[in-house]
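**Q** Take this sequence and fold it.
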Amino acid sequence: MNPKDAKTYPRPLIGVLVKKKFVRRRKIPMFARKLIQANQKAKCTLYFFTSQNIDWKRQEIMGYMSKSGGKRWLERRMPFPDIFYDRGAGLAGKEITEARALRARFKKIPGIQHINSCKLRKWQVHQKLSRHRAVKKFLPATIYSRGMDHIRAMIFKYRYLFLKSSGGSGGKKVFALEKCKQGFCFRYYSKGTHQKRYAKNLDNLAQEMKCIGLKPDRVILQQGIRLVKYKNRPLDLRVLIVKDKDGAWCPVYNQARLAQKGAVITNVSLGGEVMNYSDIYPALKKRYPGIPCDRKIKEACMVIARYIEKEFGPFGEIGIDIAVDKTGGIWLLEANSKPDKLPEHRIEDTVGISPQFLLTLEYAKLLYSKKKYQPEVPDEAGVRQEQIATDGDGGRQYT
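**A** Model prediction:
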């Protein structure tokens, strides 16, 4: 295919930014396979690319598409996309700078629409959402620590804290600190296991934090929430919301993530378990009469999403992590602009087309149709997002 023959491709052209390791695997990763599967129904032109696959002079990208059968990559020169679908998560080293630069450059090219081109960092999200009464009620007390004095003040005020990296993910840079009879309890995940330590004072806290790459003067301090428990295991919720063909937020699922027995961090990658919240709600309701139903939690997430867009610009998908306390309070833990969307075995259909993938493609078609019939008018959200990114050359020309 010649990239100059762009009119022959089914529109829109959707370019999906991924990390380099994603396309270097011999087999196409499951995320790509599920998106490709959904595209059989959506009928767009879909390709994947990395920060090093761009020829800026020719406005071409060396894209990765699926061969017949969908199990191996096929490389093709492609035009710049109509829709830039940013799934550039887990980037490292030089890739971070390259991706930041290409996002900024793409925003300056007329005709390219964006899905998820702004990373939602924990501290920035808290700061901006704190301005709005409608969502402030969902926010735990949170500060950015500048040293041990801040940590001491917060732990004596709330007695239970979570110390987090602003850009961390997967629960590996989360440190639980609790005031207890023995003095203090430290909990975190390190060396393949959940660690639990007791100390009479906080003298060794910095050393313990160092085990997971945290420092007292560069960490977010978040009020700890006393989570509801199912079968004596604390749980939080991941609500995935995705925009549909009409541009409306659609809650795809509300999944409970149960911590491993004896642990406080619920991430599945660290030994947690996933269940549908609606399946365990009756049992939770008996123990916690004030606990909110599935509908109320999803409604709260839709409100949160609207204010996130108000502050950061438009998104196509957001994974919202919610805590529910023992009195039924709903708390926002964090929001992820590049959520894990793979269907969970046992509780979702892993064979057929997954709605979380099809909805994104249908939303992309909506963006393209609006762009096709409307003049280019920069909006405030787009300006805000462009200011976040740092301009630069980024990437390299392929040969």
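**Q** drop to CA atoms for contacts and neighbour counts, all remaining ones
**A** Will do.
**Q** can you give me the strands in the stretch 201-350 of the chain?
**A** In the stretch 201-350 of the chain, the strands defined using DSSP state E, counting those that start in this stretch lie at 219-223, 229-230, 233-243, 249-258, 273-276, 317-324, 330-336.
**Q** Just the C-alphas of the third one, formatted as PDB.
**A** Extracted in PDB, the C-alpha atoms of strand 233-243 (Å, rounded to 0.1, in the frame of the first residue of the first chain):
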ATOM      1  CA  ARG A 233     -10.200  -9.300  52.400                       C
ATOM      2  CA  PRO A 234     -10.200  -5.500  51.800                       C
ATOM      3  CA  LEU A 235     -11.300  -4.400  48.300                       C
ATOM      4  CA  ASP A 236     -11.500  -1.400  46.100                       C
ATOM      5  CA  LEU A 237     -13.200  -0.900  42.800                       C
ATOM      6  CA  ARG A 238     -12.100  -0.300  39.200                       C
ATOM      7  CA  VAL A 239     -14.800   1.300  37.100                       C
ATOM      8  CA  LEU A 240     -14.000   1.500  33.400                       C
ATOM      9  CA  ILE A 241     -15.900   4.100  31.500                       C
ATOM     10  CA  VAL A 242     -15.600   4.600  27.800                       C
ATOM     11  CA  LYS A 243     -17.300   7.000  25.400                       C
END
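**Q** who touches it?
**A** 227-229, 249-262, 264, 266, 277, 298, 301-302, 316-324, 339, 341, 356, 359-360, 363 (Cα atoms under 8 Å, 6 or more residues apart in numbering).
**Q** in its sheet, what does that strand sit against?
**A** strand 229-230 (antiparallel), strand 249-258 (antiparallel), strand 317-324 (antiparallel) (DSSP bridges).
**Q** In a markdown table: the strands of the stretch 201-350 of the chain, plus distance to L35, mean neighbour count and mean pLDDT.
**A** Shown next, in a markdown table, are the strands of the stretch 201-350 of the chain (distance: least, Cα to Cα, whole Å; neighbours: other Cα atoms under 10 Å; pLDDT from 0 to 100):
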| stretch | distance to L35 | mean neighbour count | mean pLDDT |
| --- | --- | --- | --- |
| strand 219-223 | 35 | 24 | 96 |
| strand 229-230 | 33 | 17 | 95 |
| strand 233-243 | 14 | 24 | 96 |
| strand 249-258 | 15 | 22 | 95 |
| strand 273-276 | 22 | 18 | 93 |
| strand 317-324 | 14 | 24 | 97 |
| strand 330-336 | 19 | 21 | 96 |
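**Q** Out of the ones you listed, the one nearest S145 is which?
**A** S145 lies closest, by Cα to Cα, to one member of the strands of the stretch 201-350 of the chain: strand 219-223, at 5.4 Å.
**Q** Adjacent strands (with direction) for that closest one?
**A** Partners of strand 219-223 in the sheet, by DSSP bridges, are strand 142-145 (antiparallel), strand 160-164 (antiparallel).
**Q** Put the alpha carbons of the shortest one into PDB.
**A** Taking only C-alpha atoms (Å, rounded to 0.1, in the frame of the first residue of the first chain), the coordinates of strand 142-145 have been written out as PDB:
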ATOM      1  CA  THR A 142      -4.100  14.500  50.200                       C
ATOM      2  CA  ILE A 143      -0.900  16.600  50.300                       C
ATOM      3  CA  TYR A 144       2.500  16.500  48.500                       C
ATOM      4  CA  SER A 145       5.100  15.700  51.100                       C
END
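**Q** mind listing what's buried in the helix or strand just after it?
**A** Note on strand 142-145: by DSSP states H and E, the next helix or strand toward the C-terminus is helix 148-158. By neighbour count on 16 or more other Cα atoms under 10 Å, the buried set for helix 148-158 is 148, 151, 154-155.
**Q** and what of stretch 191-199?
**A** For stretch 191-199, the neighbour count (16+ other Cα under 10 Å) marks 194, 198 as buried.
**Q** Nice, that's everything, thank you.
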